[in-house]
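# Model the following, please.
(chains A, B and C)
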Amino acid sequence: MPELPEVQTVLSGVIPKLGSKEILGLECYYPGTVIDKLSPQDQAFPARLRQGYRRGKYMILEMTSGFALIIHLRMTGKLVWDKDDGEPKAHERAAILVSGGHRLRFIDIRTFGKITLLPSARVHEALPKLGAEPLLQGFGAAYLSEQLAKSKRPIKTALLDQRVVAGLGNIYVCEILYEAGVNPFRPCNELDSEEFARIAAATKLILAQALMHNGTSISDFRRVDDKAGEFQNFLKVYQQESCPQGHEVKKVKQSGRSTYLCPVCQK
DNA sequence: CAATGATCCTGTCCGC
DNA sequence: TGCGGACAGGATCATT
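Numbering: from 1, shown residues only, chains lettered A, B, ... in the order given. From the prediction side, this is the model:
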């Protein structure tokens, strides 16, 4: 599922495709996929891309017209660069039309993904409250400890909370906690500063490695050019039978989600 | 306020 | 071969 490394990988592919081409419009083929916050007389198109950036799992495309698109892939969303034959493909919920006969197809089997069109000045208020960017300096052992030291929540649940850390999902949280040697069920308030430090370091390490390998193609994640990521080849516990030490990996339900862990390596 | 559960949705896989 | 059910899980909203 698209988490920070996958979203960043998709965005890094989208930016050069749009390049200096003209963005002609935004079409919606499934009710609710496009959230249009403009009044009818507003002119968002045509425009060019001014800048594209990521915040948590959100992609933000700011256009020269002063308007912006916020794109969230949720679970099955994909952005596919393709020739424009004027027809939406299977599961295509929306499309960004581009000059030169191309379109960026928003393909999303389970329809949870969203594209929001709004004035650039309102992007900040339109995004939900998000925690620290895990790859930036503000995120570290001190931040995690400050955020979580008093919480009784299991550490895994806390790391999935986008208000604490922006961009983590089920796959990377499982991998991070294995790397840190911390059991996902441990309550946050029972973790010591050394364990918070290991979790923070593991977060940065795992995300950097995943980014280097263009994300994880579990199920059907693809880049804009339809290439798969490669980090699935480096997973140590998620959907694995045994950990690198040869211990059996356990799969257990934790607040409705599958948690993969090695009970021997993770204390 | 914190924690849990339901909800949205469809393709895939498993057992019978 | 077909069918029902479990499962996948990000984010939001409702409930306890």
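# can you list contacts of stretch A:182-191?
Residues outside stretch A:182-191 that contact it (C-beta atoms under 8 Å, 6 or more residues apart in numbering): A:148-156, A:158, A:173-174, A:177, A:195, A:198-199, A:254, A:259, A:261, A:263, A:266-267. C-beta here means a position set from N, CA and C on the backbone, and glycine is covered the same way.
# and stretch A:146-162, anywhere near DNA strand C?
Yes: using C-beta under 7 Å from any atom of the strand, stretch A:146-162 reaches DNA strand C at A:160, A:162.
# coming back round to it: show me how to select, in PyMOL, the buried members of the contacts of stretch A:182-191.
Burial among the contacts of stretch A:182-191 is assessed by 16 or more other C-beta atoms under 10 Å; the matching PyMOL selection reads:
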select buried, chain A and resi 148+151+153+154+155+156+158+173+174+177+195+198+199+254+259+261+266
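# so which of the contacts of stretch A:182-191 are also by DNA strand B?
Checking these against DNA strand B (C-beta under 7 Å from any atom of the strand), the matches are A:151, A:152, A:153, A:154.
# residues near the residue of the stretch 101-250 of chain A found nearest DNA strand C, how many?
Per C-beta to the nearest atom of the strand, residue A:169 is where the stretch 101-250 of chain A lies closest to DNA strand C, at 3.2 Å. Residues near residue A:169, counting by other C-beta atoms under 10 Å, number 21.
# so where do the strands sit in chain A?
Remark: strands assigned in chain A by DSSP state E are A:23-28, A:34-36, A:49-55, A:58-63, A:67-72, A:77-83, A:92-98, A:102-108, A:114-119, A:250-254, A:257-261.
# does DNA strand C sit close to the last one?
Spelled out, it's strand A:257-261. Yes: counting by C-beta under 7 Å from any atom of the strand, contacts between strand A:257-261 and DNA strand C involve A:257, A:258.
# neighbouring contacts of that strand?
With C-beta under 8 Å, 6+ apart, strand A:257-261 has contacts from A:156, A:160, A:170, A:174, A:177-178, A:183-185, A:237-240, A:249-253.
# Lovely, talk soon.
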